[in-house]
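Trainee: I would like the atomic coordinates for the input below:
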Amino acid sequence: MFNFFRKKDKSGLEERNMSVASVAWGFISGNTPGNYLSIGTVYACIRMLSDTIAMTPLNVYAKGEDGRDLLDSSRLSKLLKNPALNMTSFQWMNTMMTQLVGWGNAYSVIEYKDGQPVGLVYIPAHAVSIQETFQDDEPYYYRVTTKSHHTINVFPDEMIHFRNITLDGFTGLSPIGLHASTFDRGYHEGEYATNFMKNAGGMSGIITTEKKLKPEQVKQLKDDFSGAYGGSANAGKTPVLADGLQYAQLKPISPADADYVRSKELTKAEIMEIFKVPPPLLGVIDATYNNTEQLALIFQRYTLAPIYAMIEQEMTLKLVSPSQKSKVYMEFMSDALLNATASDKADVITKLTEKGVMTLNEARQKYNLKDLKGLDEVVLPLNLAPLTLHKEVLTPVPVPEPIAAPEPIAAPEPIAAPEPVAVDEEPKSETLERQMHKMQSELGRLKKILGNGTPLIAPMNPKKHKSKD
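Mentor: Model prediction:
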């Protein structure tokens, strides 16, 4: 039946039964849990919760550097879309929620292939019990009884277990079992109304006679009279009696005298309180709720949000591998419930696109429309321009500093005439070679005067400077 990836052997485990189901069902007096679904309010509450949660999309996300990414084509996403053979995600979740909301526990065994979860096999709550092992690594496991009366032991990491509030931390308490007296009262109120209408809206009478009748004659008379004049189909008929029989009708007790109407309304209100369903959702007009949007917010925040959180955490814990638990998780798209009408949905999408939360193509996908070219950019309120244009328009441009006017150019001063150069003076612009030559000549002349006829340094240009000797 199940293709399990067995992690360890479960044989030889010391165990004892930990299930508190027997305690919960012990409060039921005479009626099985299935009978309570015949109560209109019970059926409506369970159907409201199970359908609402089942139709809410459950997505798989991965944390990234720029936020989170939707893993729509991942292995887990495919498993959620088709959790079991020939079973859609809505059918599987609806079945699980019916068990959870009504009976406090919902179970599905994880089917493995090559160590990876490939299916979720639903197990009725009455076929599962929890066994304690007194071991630290595996403190408990589930014992599943199949239809063929075979038992299969399943470890917690191989079982999806949605549970209601619990006293022992393992088994959820059953709302129907804990509040059986309330549901019993509602069940008998329905029977009373049915029988009252069957009897033509009144009590039966008494038939008397002076003759002594045998027991079989009394039974025959009762059956004949009830068949001829009893029930709503025979209402208004005139009875005809013979053989000295006399009929005396009892004073009927009306539903108003029995306080039936008020009692039925109180029972209906109590049942809705047990399931945390707002009365207007079941057709009970209440002036406390001003509009449908406020009602949807209250229903989502206080009734659905805790169930969503429990399912998200349980599915992430059991189906995501340990190496990916730090970044991969599951989350319900609960905001989809707030778009109750077409105008509300259009208003929400318009605000999201105008504020740059989503692109226009993403908005078109909400209405199952094809993407259009050029609508993949985020737009903002400034003329609904693309974000790149916003950056160009809104980026401040530095203002150039003003250029100072050039100062007026003053008129050039007159150039003074060069001073006359003396004939004996050498020009100031003579070259270094000329100055060296003059110094050598002067040194030779001084040596000659001192009595040394031979100059120490030869003249630079012997052609121009000849000895006078």
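
Trainee: what residue ranges in the stretch 1-150 of the chain are flagged as low confidence?
Mentor: Along the stretch 1-150 of the chain, segments meeting pLDDT under 70 span 1-34.

Trainee: residue boundaries of the strands in it?
Mentor: In chain order, the stretch 1-150 of the chain shows strands spanning 16-17, 58-64, 67-70, 105-113, 116-123, 128-132, 140-145, with DSSP state E, counting those that start in this stretch as the criterion.

Trainee: Convert the C-alpha atoms of the last one to PDB, please.
Mentor: To tie it back to what came earlier, the one meant is strand 140-145. This file holds the C-alpha atoms of strand 140-145, laid out as PDB (Å, rounded to 0.1, in the frame of the first residue of the first chain):
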ATOM      1  CA  TYR A 140       6.900   8.200  19.800                       C
ATOM      2  CA  TYR A 141       5.600   6.900  16.500                       C
ATOM      3  CA  TYR A 142       2.300   6.300  14.700                       C
ATOM      4  CA  ARG A 143       0.600   3.000  14.400                       C
ATOM      5  CA  VAL A 144      -1.600   2.900  11.300                       C
ATOM      6  CA  THR A 145      -4.300   0.200  10.900                       C
END
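
Trainee: Partner strands of that strand, with direction?
Mentor: Strand pairing for strand 140-145, determined by DSSP bridges: strand 128-132 (antiparallel), strand 151-154 (antiparallel).

Trainee: what mean pLDDT does whatever helix or strand comes next after the shortest one have?
Mentor: Looking back up the chat, that one is strand 151-154. Of the helices and strands lying after strand 151-154 in sequence (DSSP states H and E), the nearest is strand 159-163. Here strand 159-163 scores 95 as its mean pLDDT.

Trainee: Return the alpha-carbon coordinates of strand 159-163 using CSV.
Mentor: The C-alpha trace of strand 159-163 is given here as CSV (Å, rounded to 0.1, in the frame of the first residue of the first chain):
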residue,chain,number,x,y,z
MET,A,159,3.7,11.5,8.7
ILE,A,160,1.9,14.7,8.0
HIS,A,161,-0.1,15.4,11.2
PHE,A,162,-2.4,18.4,11.5
ARG,A,163,-3.7,18.7,15.1
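
Trainee: quick check: angle from it to strand 105-113?
Mentor: Strand 159-163 runs at 160 degrees relative to strand 105-113, counting by axes from the mean of the first three to the mean of the last three Cα atoms, to 10 degrees.

Trainee: so what does strand 159-163 touch, helix or strand wise?
Mentor: Applying 3 or more Cβ pairs under 8 Å, 6 or more residues apart in numbering; DSSP states H and E, we find strand 159-163 packed against helix 89-103, strand 105-113, helix 305-319. Every residue, glycine included, has its C-beta placed from N, CA and C.

Trainee: ok, now how distant is the nearest residue to residue 365 once chain neighbours are set aside from residue 360?
Mentor: Excluding the flanking residues, the one nearest residue 365 by Cβ to Cβ, 6 or more residues apart in numbering is residue 371, at 7.4 Å. Per Cβ to Cβ, to the nearest Å, residue 371 is found 9 Å from residue 360.

Trainee: Which one's more surrounded, these two?
Mentor: Applying other Cβ atoms under 10 Å to residue 371 and residue 360 shows that residue 360 carries more neighbours, namely 18 against 13.

Trainee: winner for burial among the strands of the stretch 1-150 of the chain?
Mentor: Highest mean neighbour count among the strands of the stretch 1-150 of the chain (mean count of other Cβ atoms under 10 Å): strand 105-113, with a mean of 21.

Trainee: For that strand, give me every contacting residue.
Mentor: 2-5, 83, 92, 95-97, 99-100, 117-125, 128, 142, 144, 152, 154, 158-164, 171-172, 174, 318-319 (Cβ atoms under 8 Å, 6 or more residues apart in numbering).

Trainee: What of stretch 333-352?
Mentor: 52, 56-59, 292-293, 296-297, 300, 304-305, 308, 358, 363, 366.

Trainee: make it 6 Å
Mentor: Under the criterion Cβ atoms under 6 Å, 6 or more residues apart in numbering, residues 57, 292, 296, 300, 308, 358, 363, 366 lie in contact with stretch 333-352.

Trainee: any idea whether residue 438 is helix, strand or coil?
Mentor: Secondary structure for residue 438, judged by DSSP: H, G, I helix; E, B strand; the rest coil, is helix.

Trainee: Just give the number of residues close to it.
Mentor: Around residue 438 there are 13 residues (other Cβ under 10 Å).

Trainee: That one and residue 169: what is the separation?
Mentor: 120 Å.

Trainee: can you map out the strands along the stretch 151-300 of the chain?
Mentor: Counting by DSSP E, counting those that start in this stretch, the stretch 151-300 of the chain has strands at residues 151-154, 159-163, 205-208, 246-249.

Trainee: any idea which of these scores lowest on pLDDT?
Mentor: Looking at the strands of the stretch 151-300 of the chain, the bottom one is strand 246-249 with a mean of 69.
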